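Visitor: Curious how this folds, go ahead:
(one chain, ligands or ions: 3)
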Amino acid sequence: MAPVPIISSLKVGHIDDVIELRKTKPGTIPQRFVRDITERPTITTPNNKSLIITNHHHHHMPIIDFSKLSKHNTHDDEIFLHELLNLATACENWGFFQVVNHDIDLNLMERIEKMSNEFFMLPLEEKQKYPMLPGTVQGYGQAFVFSEEQKLDWCNMLALAIQPQHARNPNLWPKKPEKLSETLEEYSREVRKLCENLLKYIGLGLGLKEDEFKKMFGEAVQAIRVNYYPACSRPDLVMGLSPHSDGSALTVLQQAKGSPVGLQILKDGLWMPVHTLPNALVINIGDTIEVVTNGKYKSAEHRAVANENKDRLSIVTFYAPSYEVELGPMPEFIDENHPCKFRRYNHGDYSKHYITNRLQGKKALEFAKIQTKNASF
Ligand SMILES: COC(=O)C(/C=C/C1=C(C)CCCC1(C)C)=C/O[C@H]1C=C(C)C(=O)O1
Ligand SMILES: O=C(O)CCC(=O)C(=O)O
Ligand SMILES: [Fe+2]
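Guide: Ligands and ions are numbered 1, 2, ... in the order given. This next block holds a predicted model:
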């Protein structure tokens, strides 16, 4: 069953719509959005080279050419094996990579960006026909707000369950712009195929059977979240999206054309901006893959920052196991040097735990951790 948390006693206070704030009071940042000094982001701008933290890294996030995997799918093909190794290295060292030549129609990617932008530009009353109620994760608004004291993200989102069908709330699917809902469907079908294929190659790269994850995950849960980050007069004071790892197995992120850099990942203790690569999709390993590989592949912590001059749109797909499945580290990844780090649990329970807590780095994963004195994560 889909976890549908209705926490009726939640008191979250008034949540300003950030798109409206930017429209009506462009220079104002309500106190609820101003982060404590220790939580403020590092912002990189073209004129602010001293803060460019990529200098600490001799290379950028890995780029995987999907066509080298899909079009050379004979396992003794050198091109295939070389890209499979690149993929495995990206998963192990970064937990993030960009995919090019992914087979998703570029026109479909453009259409979903255009319609999503149109949706966010509708009058507030129209968008509020699909409200994300406190304690829930579907509809339009702000997610993961559980108290009046909690700082708010500089972001509005539209989030919807895609699969299984019974997790959907049809009342929350926008009727305007007219073609948005059917485009979300078409896009989600394509992204689902990409996730299935990526999991096949990730499995092969780990020395597993190609259908290992497919069998393990059952009828996968899929959700879409479209994030809109309006420009902000003081991006150094606010957070676009709080630091977190994703509760999914895999996440696929499309950064809209023309959007400024906004996504940052925590790499070797430093926040590193992810540059936009035309037509590429950003993929990240979620908590599920960290658990089943016993931490060999880790879900990377990431966040989004706002930009002073430009709005930013991202389209995010979460692909996760069925709520029914029980998960835990696979025996292949446990030995005397790699003791079992996670307990077995039901993924529906994990989802519920994830969505009923605020985003706080990798804290959600503590749900599954076995606390031992010697465990190093
Ligand atoms: C705002 O929502 C999220 O950020 C989010 C929620 C995803 C979901 C829906 C919108 C409806 C169906 C359930 C589900 C929880 C997948 C994040 O999703 C992460 C968290 C978990 C767990 C996951 O699988 O992806
Ligand atoms: O907008 C982004 O770049 C990050 C989005 C994200 O991390 C998420 O929606 O989980
Ligand atoms: Fe994320």
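
Visitor: Tell me where the stretch 251-377 of the chain has strands.
Guide: 263-267, 270-273, 281-285, 302-304, 312-320, 326-327, 345-346 (DSSP state E, counting those that start in this stretch).

Visitor: nearest to ligand 1, of the ones you listed?
Guide: strand 312-320 (3.3 Å; Cβ to the nearest ligand atom). The way it works is simple: take the backbone N, C-alpha and C, and place the C-beta from them, glycine included.

Visitor: Which elements pack onto that closest one?
Guide: Here strand 312-320 touches helix 106-120, helix 180-205, strand 221-229, strand 250-255, going by 3 or more Cβ pairs under 8 Å, 6 or more residues apart in numbering; DSSP states H and E.

Visitor: Any chance you could note which residues of this protein sit beside ligand 1?
Guide: Proximity of the chain to ligand 1, by Cβ under 6 Å from any ligand atom, involves residues 137-138, 143, 159, 161, 167, 221, 223, 225, 246-248, 318, 320, 351, 354-355.

Visitor: among these, which are within reach of ligand 2?
Guide: Answer for the residues of the chain next to ligand 1 near ligand 2 (Cβ under 6 Å from any ligand atom): 225, 246.

Visitor: Among the residues of the chain next to ligand 1, which are located in helices?
Guide: Members of the residues of the chain next to ligand 1 lying in helices (criterion: DSSP state H): 351, 354-355.

Visitor: List just the nearest of those to ligand 2.
Guide: Nearest member of those to ligand 2, counting by Cβ to the nearest ligand atom, is residue 354, at 11.2 Å.

Visitor: The residue lying closest to that closest one once chain neighbours are set aside: what's it in contact with?
Guide: Nearest non-adjacent residue to residue 354, counting by Cβ to Cβ, 6 or more residues apart in numbering: residue 247, 3.8 Å away. Residue 247 makes contacts with 286-288, 318, 320, 350-351, 354-355, 364, as judged by Cβ atoms under 8 Å, 6 or more residues apart in numbering.

Visitor: run the last query once more with 10 Å
Guide: 286-288, 299, 318, 320, 347, 350-351, 353-355, 359, 364-365, 367 (Cβ atoms under 10 Å, 6 or more residues apart in numbering).

Visitor: now swap in residue 29 and tell me
Guide: Going by Cβ under 10 Å, 6+ apart, the list of residues near residue 29 reads 16, 18, 21-22, 154, 232-235, 237-238, 306.

Visitor: Using TSV, lay out these together with secondary structure, neighbour count and pLDDT.
Guide: Converted to TSV, those look like this (DSSP: H, G, I helix; E, B strand; the rest coil; neighbours: other Cβ atoms under 10 Å; pLDDT from 0 to 100):
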residue	secondary structure	neighbour count	pLDDT
16	coil	16	95
18	helix	24	98
21	helix	18	98
22	helix	20	97
154	coil	25	98
232	coil	23	98
233	coil	15	97
234	coil	16	97
235	coil	23	97
237	coil	18	98
238	coil	26	98
306	coil	31	98
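
Visitor: farthest-separated two in those?
Guide: 16 and 235 (16.7 Å; Cβ to Cβ).

Visitor: Let me see the ranges of the strands in the stretch 51-200 of the chain.
Guide: 63-65, 96-100, 139-141, 156-163.

Visitor: do you know which of the ones you listed lies nearest residue 205?
Guide: Comparing these under Cβ to Cβ, the one sitting nearest is strand 63-65, at 10.6 Å.

Visitor: Buried residues of that closest one, list them for me.
Guide: 64-65 (16 or more other Cβ atoms under 10 Å).

Visitor: partner strands of it, parallel or antiparallel?
Guide: If you go by DSSP bridges, strand 63-65 pairs up with strand 96-100 (parallel).

Visitor: which SS class is residue 213?
Guide: helix (DSSP: H, G, I helix; E, B strand; the rest coil).

Visitor: Please look at it and residue 297 and confirm they touch.
Guide: No. If you go by Cβ atoms under 10 Å, residue 213 and residue 297 don't touch, sitting 11.7 Å apart.

Visitor: Cool, thanks, talk later.
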